[in-house]
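S.K.: Need the 3D shape of this:
(chains A and B)
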2 protein chains.
Amino acid sequence: MNNFIETRYKVQGAGHKGFTSVSFFFIVFVFLVPCIPCSSCALNLVPCGFMADLQFELQHTDTNSKARAGKITTDHGVIETPIFMPVGTVGSVKAVTQQQLLTDVKAQIILGNTYHLYLRPQLEVLEKAGGLHKFNGWPKPILTDSGGYQVFSLAGTRKIKEEGVTFQSHIDGSKHLFAPETVMDIQRTIGGDIIMAFDECPPGGSEYKYAKTSMELTHRWLDRCFDRFNSTEAKYGYTQNLFPIVQGGTFKDLRKQSCEYIAEKEATGNAIGGLSVGEPEPVMYEICDWCCDHLPTNKPRYLMGVGTPWNILECISMGIDMFDCVMPTRNGRNAMLFTTKGVINIDNKKWELDFSPIDDGLDCEMSNYYSKAYLRHLMKAKEFLAYTIASVHNLAFYLWLVTEARKHIQQGDFMSWKNEMVTVLKTKL
Amino acid sequence: MNNFIETRYKVQGAGHKGFTSVSFFFIVFVFLVPCIPCSSCALNLVPCGFMADLQFELQHTDTNSKARAGKITTDHGVIETPIFMPVGTVGSVKAVTQQQLLTDVKAQIILGNTYHLYLRPQLEVLEKAGGLHKFNGWPKPILTDSGGYQVFSLAGTRKIKEEGVTFQSHIDGSKHLFAPETVMDIQRTIGGDIIMAFDECPPGGSEYKYAKTSMELTHRWLDRCFDRFNSTEAKYGYTQNLFPIVQGGTFKDLRKQSCEYIAEKEATGNAIGGLSVGEPEPVMYEICDWCCDHLPTNKPRYLMGVGTPWNILECISMGIDMFDCVMPTRNGRNAMLFTTKGVINIDNKKWELDFSPIDDGLDCEMSNYYSKAYLRHLMKAKEFLAYTIASVHNLAFYLWLVTEARKHIQQGDFMSWKNEMVTVLKTKL
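M.R.: Numbering: from 1, shown residues only, chains lettered A, B, ... in the order given. Model prediction:
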């Protein structure tokens, strides 16, 4: 066994306590060796002998709210819900190593962005690597978005047609087309365990007519996504799952219609898009709550791109199971820390001589090891290490938050805990 | 024991294999508890019960060269020589965590830059933290430079007088004076285990007259450094050691004179400055060799700011024991990797589809875990993770190089190994 495999195995082991070399050889000889044609097992420990659709087990529903504790099983392992998914735009969670994601952050699943990965490193590299897991060495589940959101928000010149969206690369200005079919093909090549339907995300504050037309386009695209998805195979020996996305702006009748439309697809999970795009927070909560009421109970519900720690707690109480957001990493790089005691602007002079740990309420080495004063100094000096510490800390906090939420859902005191925490977490320290 | 102490202890433990909690309590109760007035032990495991000057044990001298294997003992632990010291300019080795320095890089001592630390976070913060070790959580030895080199090379407007050097901060333009006395005081406050004399470093290619005048000024400043050093106390319960610096440009008579002058100080170690500042490489080697011949044998010799892997091997063969250089981190951030098989420009298209590990010749997880293709992608995308991986790898390589050199000195085959390695390491892959 060469060092590369051995080391990757070691790190994979770090994510699965008790995963010994004995069980490694057991897996290799019992499951992988008979599976000769499956070249995807050469480097990573993908349990390709057991390809299966994503399973969702609803373990507990809160009696005082709609909060749920569940378990998602994928071919790359188990995800306990509610869960927060760190965003790894181009196959790297910014300023954080895969080792830190496993041991400090305790991430169970990360995101990749289709738009970014398609442009760089491009599909040939990802395909020859054997998919994103092998390319970046992340051994646990990956979810990829459809690129729709980036195409609409990032690209300067883009045109939406029935066929799809043409846009220009932000890297070299080259022209590209994202259509439902191409986006499915791209996500097949990237190889996420969960892949997303290609949708149009209308801007916050869109009028009824625009929201309706856009939603209808999204529904037609959804049909095309499923057609393509169902007529193609996963490339790397493990199952991919396509999640459709509810749209409909801030209009309840459209959202209801969209929920019903996507529910008919009987996908292994469903997502809510088009929220937290500029609408007032109460509206976001109202629409999220409404969508949860109209989406299947027995499938995980993923609220895309949301949000603050208190957003996450409120939306958990409505029945959301999965979240992603760039906030912990982006805000971390801009000196904003979320802690178990409230929000810290680490640039503030008040932390200059505060030698206490960043957050001793977390089981995260970085948050305990480095002091507020040291992190403030690094941030002022624009040292790379500042971005790493702040990102690792904020992500560890987000993972702690959803893990605590899950614990309280199971204990039956979620709502009282949540109401108390929302106040604490919003406190400006 | 709160998490902060516990976690810091854990990491300190990581650097000292076999350092168990039993031995932790042994140290606490046997050595630290009786030492009540010593407040410096509150956070770090500084063995303050044993304050002692730096000790150098010359363990082996090569028969075919002047290469030496030795052991430096400081109050923060042992350094095996020859050694390379990663540069932690403002109290952070750029893009590398202290945990990575301990476990991946296997650093035994790091540098801090007096000029940078004086300007930011400033002395009040460092003093109230209890010194740099406690501020940044680095549990092993630290060496600080005198700020002289930065003042001469970084500051736009600076004036050299007999008293010292006035300069303007690169941060806010404020005016400051660095004199031998202030620089000793500043380094007392930073708290390095090894501190450097304040010298003038003349530019490469300086004429004889300038080099002589400058050297004489450096010698007068050296007297003032020792006067101040000897009349002040260490602040944090462990010993600091002042190393004088040989100057004299590229002129052998001046260098000899300077070696003799600084040798008279009978310091615990001696440094060679003013090399690798623009002179041709053969001249650098010639002067380095000459200085080694005129410096005490029973003290460690530190060649400041040098250099490439092959520079380091050549200078080890002349009798240098300690090195520092920003090259592994700075060049790493610019896509240049030093490996056990040669030099890689990871930006090059030839690595686009090379999924082999960065360097499987090193016992460094990062170098084995991540592939060349992935690192190239991250570098192209200007991802922070690229800088971390490249910096950790290059530093681990430098530490591997000096550790291998030490092994071969002890085995007696240093010169044949060195000659072979110089060719290998210079190979452009």
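S.K.: okay, CA-based contacts and neighbour counts for the rest of this
M.R.: Will do.
S.K.: Any chance you could list what contacts stretch A:272-291?
M.R.: Residues from elsewhere that reach stretch A:272-291, judged by C-alpha atoms under 8 Å, 6 or more residues apart in numbering or on different chains: A:201-205, A:245-252, A:255-256, A:259, A:301-307, A:314-315, A:318-319.
S.K.: mind listing which of these are in helices?
M.R.: Judged by DSSP state H, the contacts of stretch A:272-291 include A:Lys252, A:Arg255, A:Lys256, A:Cys259, A:Glu314, A:Cys315, A:Met318 as members of helices.
S.K.: Report the buried members of the contacts of stretch A:272-291.
M.R.: Among those, those buried by neighbour count (16 or more other C-alpha atoms under 10 Å in any protein chain shown) are A:201-204, A:245-251, A:255-256, A:259, A:301-307, A:314-315, A:318-319.
S.K.: residues from chain A in reach of chain B?
M.R.: Proximity of chain A to chain B is confined to A:3-5, A:7-8, A:90, A:92, A:94-97, A:120-121, A:125, A:128-129, A:135-137, A:352-353, A:355-357, A:360, A:365, A:368-371, A:373-374, A:377-378, A:381, A:383-385, A:388 under the rule C-alpha under 8 Å from any C-alpha of the partner chain.
S.K.: Can you tell me which of the residues you listed are buried?
M.R.: Using 16+ other C-alpha under 10 Å, the buried ones in the residues of chain A next to chain B are A:3-5, A:7-8, A:90, A:92, A:94-97, A:120-121, A:125, A:129, A:135-137, A:352-353, A:355-357, A:360, A:365, A:368-371, A:373-374, A:377-378, A:383-385, A:388.
S.K.: shaky segments in the stretch 301-429 of chain A?
M.R.: Applying pLDDT under 70 to the predicted model, the stretch 301-429 of chain A contains no residue that meets it.
S.K.: May I have the residues that are in contact with A:Arg406?
M.R.: A:Arg406 is in contact with A:Arg68, A:Ala69, A:Thr81, A:Pro82, counting by C-alpha under 8 Å, 6+ apart.
S.K.: Figure out the helix or strand that it lives in.
M.R.: Assignment of secondary structure by DSSP states H and E places A:Arg406 within helix A:384-411.
S.K.: ok, now A:Ile195?
M.R.: In the assignment (DSSP H and E), A:Ile195 maps to strand A:194-196.
S.K.: How about residues contacting that strand?
M.R.: Contact partners of strand A:194-196, identified using C-alpha under 8 Å, 6+ apart, comprise A:141-146, A:187, A:240-245.
S.K.: Report the distance from that strand to the chain centre.
M.R.: Distance, stretch centre to chain centre, for strand A:194-196: 10 Å (C-alpha atoms, centre = their mean, to the nearest Å).
S.K.: right, and the helix or strand after that strand?
M.R.: Using DSSP H and E, the helix or strand that follows strand A:194-196 in sequence is helix A:208-230.
S.K.: chain center to that following helix, what's the gap?
M.R.: With C-alpha atoms, centre = their mean, you get 22 Å for helix A:208-230.
S.K.: how much space between the residue lying closest to A:Met51 once chain neighbours are set aside and A:Phe178?
M.R.: Using C-alpha to C-alpha, 6 or more residues apart in numbering or on different chains and skipping the chain neighbours, the partner closest in space to A:Met51 is A:Tyr238 (5.2 Å). Using C-alpha to C-alpha, to the nearest Å, A:Tyr238 is found at 25 Å from A:Phe178.
S.K.: Same question for A:Glu264.
M.R.: Per C-alpha to C-alpha, A:Glu264 is found 25 Å from A:Phe178.
S.K.: likewise A:Thr403?
M.R.: With C-alpha to C-alpha as the criterion, A:Thr403 and A:Phe178 are 36 Å apart.
S.K.: between these two, who's got more neighbours?
M.R.: With neighbours defined as other C-alpha atoms under 10 Å in any protein chain shown, A:Thr403 and A:Phe178 compare such that A:Phe178 has more, 21 against 18.
S.K.: Now do the phi/psi pair for that one.
M.R.: phi -110, psi 120 (degrees, to the nearest 10).
S.K.: For it, give me its contacts.
M.R.: Taking C-alpha under 8 Å, 6+ apart, we find A:Phe178 in contact with A:Gly164, A:Val165, A:Thr166, A:Phe167.
S.K.: Pull the contacting residues for the first one.
M.R.: Under the criterion of C-alpha under 8 Å, 6+ apart, the contact list for A:Gly164 reads A:Leu177, A:Phe178, A:Ala179, A:Pro180.
S.K.: do the last one as well
M.R.: Contact analysis of A:Phe167 by C-alpha under 8 Å, 6+ apart lists A:Val151, A:Ala155, A:Gly156, A:Thr157, A:Arg158, A:Lys159, A:Lys175, A:His176, A:Leu177, A:Phe178.
S.K.: does it sit in a helix, a strand or a coil?
M.R.: Here A:Phe167 is recorded as strand under DSSP: H, G, I helix; E, B strand; the rest coil.
S.K.: Pull the number of nearby residues for the nearest residue to it once chain neighbours are set aside.
M.R.: Counting by C-alpha to C-alpha, 6+ apart, A:Arg158 is the residue found nearest to A:Phe167 once chain neighbours are left out, at 4.2 Å. Neighbours of A:Arg158 under the rule other C-alpha under 10 Å: 18.
S.K.: Is A:Arg158 in contact with A:Gln150, as I believe?
M.R.: No - with contacts counted by C-alpha atoms under 8 Å, A:Arg158 stays clear of A:Gln150, the gap being 10.9 Å.
S.K.: if we can go back for a sec, and of the contacts of A:Phe178, the nearest to chain B?
M.R.: Within the contacts of A:Phe178, the smallest distance to chain B is 19.6 Å, found for A:Phe167 (C-alpha to the nearest C-alpha).
S.K.: any idea how far the closest one is from A:Ser153?
M.R.: Distance of A:Phe167 to A:Ser153, given as C-alpha to C-alpha: 11 Å.
S.K.: Could you do A:Ser231 as well?
M.R.: Using C-alpha to C-alpha, A:Ser231 is found at 30 Å from A:Ser153.
S.K.: Have a look at these two and say which one is more surrounded.
M.R.: More crowded of A:Ser231 and A:Ser153, by other C-alpha under 10 Å: A:Ser153, with 12 against 8.
S.K.: so who does the more buried one touch?
M.R.: Counted by C-alpha under 8 Å, 6+ apart, A:Ser153 has zero contacts.
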